[in-house]
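Novice: Please find the sequence and the predicted model below.
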Amino acid sequence: MHINELQHSILSVLAKEHESTARQIGAILSVDESTVSRNLRPLLQQRIVVVKGYLPATQFGGRKTRVLSLNPGWLRVLGVSVEQGEVCWALADFASNVVSCEKRTVDVNQKNLVQLLRQIFESAGQFDAAAIAMPGLIDSTANTVVISQALELKNFVLDGLIEKPFLLINDANAAAANYLSRAKNLVYFLLSIPYELSKPVGLGAGLIIGRKIYEGSNHSAGELGEGVPLTRKNVSLEDLEKDPAVLFEDEETLDQFVENTAFKIATAINLVDPELFALGGDFKLLPETILRRIVRRVEEQVTVRKVKTLNWQIDENGSRTVATGAVRAFYERFFSDLNFARHVIDRKGAGL
């Protein structure tokens with residue numbers, strides 16, 4: 001099925017409104033009801049749209065009015081989060097409901113990345129498309145990792161890895177996608193702790209400006225550069241997960257981490273002036289005392305705090321937010337980009 005522009009707009013309305021009648025859709029799109037109904041037929045035949053129910057007939061009789069919605073079972077998208085020290089994958093339906101989610105702590109690098117992704121694809125079960133989130137400069141239009149210091153990748157192209165439609169996106173932008181309905185302007189700071197804690201941490205920022213993900217002219221918006229290690233001692237990510245107190249064994253390095261991280265966060269906040277900023281990813285693994293120290297140093301360096309209180313929150317979901325956010329970003333592209341939607345629908349129809 002090759003959908004037209006109006007059919008794509010109908011799908012976008014249903015994605016936003018969840019349930020609508022043909023008349024309501026027509027009113028939103030400034031199109032008469034009969035034209036909407038005619039364009040709905042192929043969508044109903046392909047089971048992309050379904051009849052959710054009926055409004056009761058009026059006292060004057062006539063046919064009952066159909067209540068329409070997207071078919072949650074029509075498409076299943078696999079969202080994958082790839083970080084230095086773990087991978088997480090979540091399967092979601094066409095209504096963005098998460099069906100399953102799994103996580104694995106592992107040292108991810110250039111040598112094992114492709115094998116790990118193939119293992120995830122094999123274990124995820126039935127899915128129709130994928131959205132993969134990674135740290136670094138990502139050209140999502142070409143499905144290419146331009147450069148990722150965290151994963152030691154350069155000009156890494158994912159085409160050919162999977163035959164199904166897929167989207168490649170920066171991990172912090174994927175996480176920020178989960179907040180599209182919560183704030184008009186937001187910065188989501190994603191901390192990625194490597195498997196070996198003596199290596200530099202990764203810190204990126206996902207930007208939402210005007211309720212849209214902002215990637216920048218060269219796909220590098222939100223790249224904050226390589227961070228500093230949490231400790232110089234021989235400690236693994238698994239050790240940290242078992243006992244966060246291991247960080248206090250090297251106070252000097254920990255102090256450098258706090259100062260470096262707070263400075264980068266404050267700089268980004270001063271530039272964007274968001275209504276909300278979130279600390280996500282591996283920030284949840286840090287002891288609360290460390291988090292409070294970082295936020296206090298941020299507040300001391302942010303100009304706007306002189307006139308108002310900063311709104312911030314900790315995202316406790318870690319890499320799950322990135323994986324589910326990758327799905328959300330996939331659907332955001334699907335409902336806003338006609339050519340991308342056509343590509344997904346055509347491949348779905350071909351059974352790939």
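Specialist: Thanks, I have it. Values in this document were obtained by computation on a predicted structure and should not be read as measured data.
Novice: what pairs with the lowest-mean-pLDDT helix or strand in the chain, and is each one parallel or antiparallel?
Specialist: Least confident helix or strand of the chain, by mean pLDDT, DSSP states H and E, is strand 223-226 with a mean of 80. In the sheet containing strand 223-226, the strands it pairs with under DSSP bridges are strand 202-209 (antiparallel).
Novice: Sketch out the low-pLDDT regions of the stretch 101-250 of the chain for me.
Specialist: In the prediction, the stretch 101-250 of the chain carries residues with pLDDT under 70 at positions 159.
Novice: Which parts of it are helices?
Specialist: Under the criterion DSSP state H, counting those that start in this stretch, the stretch 101-250 of the chain carries helices at the ranges 113-123, 171-177, 237-242.
Novice: Switch the ones you listed over to CSV; also include mean neighbour count.
Specialist: All C-beta spots, glycine's among them, are computed from the backbone N, C-alpha and C. Conversion of those to CSV gives the following (neighbours: other Cβ atoms under 10 Å):
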stretch, mean neighbour count
helix 113-123, 14
helix 171-177, 31
helix 237-242, 15
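Novice: coming back round to it: just the buried residues of the least confident helix or strand of the chain, please?
Specialist: For strand 223-226, burial by neighbour count (16 or more other Cβ atoms under 10 Å) applies to 223, 224.
Novice: for stretch 218-238, same thing?
Specialist: The neighbour-count criterion (16+ other Cβ under 10 Å) identifies 219, 221-224, 227-231, 235-237 as the buried residues of stretch 218-238.
Novice: Which secondary structure state is assigned to the residue nearest to residue 19 when sequence neighbours are not counted?
Specialist: Counting by Cβ to Cβ, 6 or more residues apart in numbering, residue 69 is the residue found nearest to residue 19 once chain neighbours are left out, at 4.9 Å. For residue 69, the reduced secondary structure class is strand; criterion used: DSSP: H, G, I helix; E, B strand; the rest coil.
Novice: For residue 69, which residues are in contact?
Specialist: If you count contacts by Cβ atoms under 8 Å, 6 or more residues apart in numbering, residue 69 has them with 14, 18, 19, 20, 49, 50, 52.
Novice: Then residue 294?
Specialist: When contacts are counted by Cβ under 8 Å, 6+ apart, residue 294 touches 258, 261, 262, 265, 279.
Novice: which SSE is residue 330 in?
Specialist: Element membership for residue 330 (DSSP states H and E) is helix 319-336.
Novice: Any buried residues in that helix, and which?
Specialist: The neighbour-count check on helix 319-336 (16+ other Cβ under 10 Å) flags 319-335 as buried.
Novice: what does stretch 182-190 give?
Specialist: Judged by neighbour count (16+ other Cβ under 10 Å), stretch 182-190 contains these buried residues: 183, 185, 186, 187, 188, 189, 190.
Novice: Pull the distance from the longest helix along the chain to the chain's centre.
Specialist: Identified as the longest helix of the chain according to DSSP state H is helix 251-272. Its chain's C-alpha centre and that of helix 251-272 lie 24 Å apart, by Cα atoms, centre = their mean, to the nearest Å.
Novice: How many residues are close by residue 53?
Specialist: Number of residues near residue 53 (other Cβ atoms under 10 Å) recorded here: 11.
Novice: and it, which of the three is it?
Specialist: At residue 53 the chain is in strand, as set by three-state DSSP.
Novice: partners of it in the sheet?
Specialist: Under DSSP bridges, the residues paired with residue 53 across the bridge are residue 67.
Novice: Quick check, it in contact with residue 67.
Specialist: Yes - using Cβ atoms under 8 Å, residue 53 is in contact with residue 67, at 4.6 Å.
Novice: With residue 149 as the reference, name the closest of the helices of the stretch 101-250 of the chain.
Specialist: Distances from residue 149 to each of the helices of the stretch 101-250 of the chain were compared by Cβ to Cβ, and the smallest falls on helix 171-177, at 13.0 Å.
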